[in-house]
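S.K.: Quick one, structure for this:
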Amino acid sequence: MALLMGLRASEIVERTSRELDDGGRILLITHSKTRAGVRRLMVPEVLQPLLLKVAAGKGADVRLFAYDRHWVLRSLARCAGRRVCPWSRPTALAAPTRPRPSQAGLTGSTVAAALGHTSFAVTANHYATPGSVESARVGRVIDALN
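M.R.: Below is the predicted model of the structure:
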C-alpha cells in the first residue's frame, strides 16, 4: 500500500474495513492531519484481493491491520534485508508516486491530491527529485511546440 499507493504508515494502519469500498477497488482516507489528506483512492488491481482477504470477517470499525505505524518500517527493513526492495526512509515510500506529470500524463495538482497535499508546492518540496519539476516543465513546453 505504501509503495503502490503512496500511503503514509499511519494511513495504512488506521484503515478500517468500512473504508474499503466498491469490492476493494476504493480506499477511503477519512481522517488526516489536513483537509487535503481526506481523500478517495483507487486501489491497484494487484492489491484488491489481498485487502479483501484481510478485511474478510472483520467488523466495519475494526482496523484492517492490528499493528502500529512502526510495523511498516520494520516490514520495509525486512524486505530490504532479503533484497526484495531497496532500503528507504518511511517518507520515501511514496517514491513511485513522485511527481512526474509529463511522463505519467498527470498534472501536478492531480499528483498532490493523490498524496493528500494541499498544493503541488508541498509535493514538489517533499517528494520530487532535484530537477524533476523543472524537467517536467521543459517536457511540457517541448510537447506543446511539437
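S.K.: if I've got this straight, residue 74 is in a helix?
M.R.: Yes - membership of residue 74 in a helix is supported by DSSP: H, G, I helix; E, B strand; the rest coil.
S.K.: Could I get the pLDDT score of it?
M.R.: If you check residue 74, the pLDDT there is 84.
S.K.: Next one: it from residue 43, what distance?
M.R.: 23 Å (CB to CB, to the nearest Å). Every C-beta, even on glycine, is put in place using the N, C-alpha and C of the backbone.
S.K.: Which residue ranges of the chain form strands?
M.R.: Taking DSSP state E as the test, the strands found in the chain are 20-21, 26-29, 39-42.
S.K.: Of the ones you listed, give the one that comes closest to residue 61.
M.R.: Residue 61 sits nearest to strand 20-21 of all those, at 12.4 Å, using CB to CB.
S.K.: Compare residue 74 and residue 43 and say which one has the larger neighbour count.
M.R.: residue 43 (21 against 11; other CB atoms under 10 Å).
S.K.: Which residue, other than its chain neighbours, is closest to the more buried one?
M.R.: Distances taken as CB to CB, 6 or more residues apart in numbering place residue 27 nearest to residue 43, at 5.2 Å, with adjacent residues excluded.
S.K.: do residue 70 as well
M.R.: Per CB to CB, 6+ apart, closest to residue 70 is residue 9, 7.5 Å.
S.K.: same thing with residue 55?
M.R.: residue 17 (4.4 Å).
S.K.: Hmm, that neighbour is touching residue 52, no?
M.R.: No - with contact defined as CB atoms under 8 Å, residue 17 does not reach residue 52; the gap is 9.8 Å.
S.K.: the more surrounded of these two?
M.R.: residue 17 (19 against 15).
S.K.: roughly how far apart are the residue nearest to residue 29 when sequence neighbours are not counted and residue 78?
M.R.: Distances taken as CB to CB, 6+ apart place residue 39 nearest to residue 29, at 5.1 Å, with adjacent residues excluded. The spacing between residue 39 and residue 78, counted by CB to CB, is 29 Å.
S.K.: higher neighbour count, those two?
M.R.: Legend: neighbour count by other CB under 10 Å for residue 39 and residue 78, higher for residue 39 (16 against 11).
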